[in-house]
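Asks: Starting from these lines, generate the structure:
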Amino acid sequence: MLFLLATPEYTNVQSNTTKVRVHLRNGVAEVFDQHEDLMGKVENNLLEVETNFENKVEKLLFILQDAVFIVSNKGLESNTESKGTGIYVYAKRVREINSSTSIDEIAKQYDQKYGELEKATTKAEEEKDNSVKTNSRIFLLKEEVEFLQRTLVILKDLKK
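Replies: Residues are numbered from 1 along each chain as shown. Coordinates of the predicted model:
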């Protein structure tokens, strides 16, 4: 199976995927070869990918923010001759979870972004600044803080 995970700053393509398990809004889906076409929304949750690399099973874990998940047996391009199962995930942000992922490092990033958000919000309130630029910055900081917070919760659950 083909697996593609893409965000504005990250891309991961696997051609030897054997199983994908995704936590969708309405439940968990496990996708194997020749799975029926499927589409769903992932919100700050897990995506597990199993690949077979040199006769060795490798598992990859990703935490996604606001992602769309598509399974297709026809491919995305109608003129493509390979009609195998393709899994396409498009997300706003992604965090790959592996053995070197540090909860402390992510907690530090969370504290830093939370501090920036508090500072920006306080400054906007004091100056009564309702400009689009300020509101956009605060909105993006809120999203980033929420994603880092969700990442920490998932990581702590996985470490148990």
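Asks: Taking the centroid of this structure, which residue is nearest it?
Replies: residue 64 (1.6 Å; CA atoms, centre = their mean).
Asks: Pretty sure that one sits against residue 93.
Replies: Yes. If you go by CB atoms under 8 Å, residue 64 and residue 93 touch, sitting 7.3 Å apart. All C-beta spots, glycine's among them, are computed from the backbone N, C-alpha and C.
Asks: For the residue nearest to the centre of the chain, which three-state class applies?
Replies: strand (DSSP: H, G, I helix; E, B strand; the rest coil).
Asks: For the closest residue to it other than its chain neighbours, list the residues it contacts.
Replies: With CB to CB, 6 or more residues apart in numbering as the criterion, residue 64 has its nearest non-adjacent residue at 4.3 Å, and that residue is residue 91. Going by CB atoms under 8 Å, 6 or more residues apart in numbering, residue 91 touches 5, 6, 7, 42, 64, 65, 66, 67, 68.
Asks: show me where this protein has strands.
Replies: Using DSSP state E, the strands of the chain run over residues 2-7, 10-14, 17-24, 27-31, 38-42, 45-53, 56-72, 86-97.
Asks: partner strands of the first one, parallel or antiparallel?
Replies: Partners of strand 2-7 in the sheet, by DSSP bridges, are strand 10-14 (antiparallel), strand 86-97 (parallel).
Asks: Next, the angle from the longest one to strand 27-31.
Replies: Read it as strand 86-97. For strand 86-97 against strand 27-31, the angle by axes from the mean of the first three to the mean of the last three CA atoms, to 10 degrees is 120 degrees.
Asks: repeat for the shortest one
Replies: Computed by the same axes, to 10 degrees, the angle separating strand 10-14 from strand 27-31 equals 50 degrees.
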